[in-house]
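S.K.: sharing a model prediction with you, sequence too.
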Amino acid sequence: MKHEILKAAGPPGPRYHEDLQQGSDEWLAARCGLLTASEMKLIITPTLKIASNDKERAHLFELLAQRITGYVEPHYFSDDMLRGQEDEIEACILYGKHYAPVDNVGFITNDRWGFTIGYSPDGLVGRHGLVECKSRRQKYQVQTILDNVAFDIAPDDYMLQLQTGLLVSERQWIDFISYSGGLPMCVIRVHPDPVMQDAILNAAAAFEKRIAEKRAEYDRILSTKKLIPTARRVEQEMYFGEAA
């Protein structure tokens, strides 16, 4: 499943890809070349300005390469990331016991704006809600309890992801779940912020325009310069090839 397919099929608005399992090859293919909620922080600054820095440029070329090749390069999974996957499952179970049942969905896309943004929620709650779970080190969990829970405000580090998730899903609220085993679990409800969501869309539109310009430049170079085609060797083939 490629970016163009996700963009072209169906009317504008949220599309729920229930059959995708997060982390699977099919899920990676669905995300290929797409702006997603978890990476929105790379194209917009904390002051809600359009980013123009090394991280933004690196992300632009990464997504452009994915759109050209239809391939997502493998990423390293740290111990924290592996622990986080297990913690997020436990967090959703606890949330279901104390708040409401959580339904799984692999991926949500929305192309209402003439381009597609994707979001992989940690769960859906009824018809109107979402959950986003974060596995935290204990020092951050204590800080969140002291700095955020008392004021019912989610940590700033996650607000762009949360607001993008609400924007893509067009749901009414998202519960931010902060989990650290051995400490109390925090649940903070977040509602759509029109100012932040407008800034997200402005940054996304500018980013998509830049990608289109770079793609046109890439195609022009390929049509005028002699470049040598190559074949991709996936990591498994490289490993077994060397072993042989």
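M.R.: Yep, it's here. Numbering: from 1, shown residues only.

S.K.: buried residues in whichever helix in the chain runs longest?
M.R.: As assigned by DSSP state H, the longest helix anywhere in the chain is helix 194-224. By 16 or more other CB atoms under 10 Å, the buried positions in helix 194-224 come out as 196, 199-201, 203-204, 206-208, 210-211. Where you see a C-beta, it was placed from the backbone N, CA and C, and this is true even at glycine.

S.K.: same question, stretch 28-47
M.R.: 28-44.

S.K.: thought Gly106 was touching Trp27?
M.R.: Yes - using CB atoms under 8 Å, Gly106 is in contact with Trp27, at 5.6 Å.

S.K.: list residues touching both of those two?
M.R.: Residues touching both Gly106 and Trp27 by CB atoms under 8 Å, 6 or more residues apart in numbering: 20-21, 120.

S.K.: which of the residues you listed fall in strands?
M.R.: Nothing among these maps onto strands, per DSSP state E.

S.K.: which one of those sits closest to Ala231?
M.R.: Leu20 (27.8 Å; CB to CB).

S.K.: give me the number of neighbouring residues for the closest residue to Ile221 other than its chain neighbours.
M.R.: Using CB to CB, 6 or more residues apart in numbering and skipping the chain neighbours, the partner closest in space to Ile221 is Leu227 (7.9 Å). Using other CB atoms under 10 Å, Leu227 is surrounded by 7 other residues.

S.K.: for Leu227, helix, strand, or coil?
M.R.: coil (DSSP: H, G, I helix; E, B strand; the rest coil).
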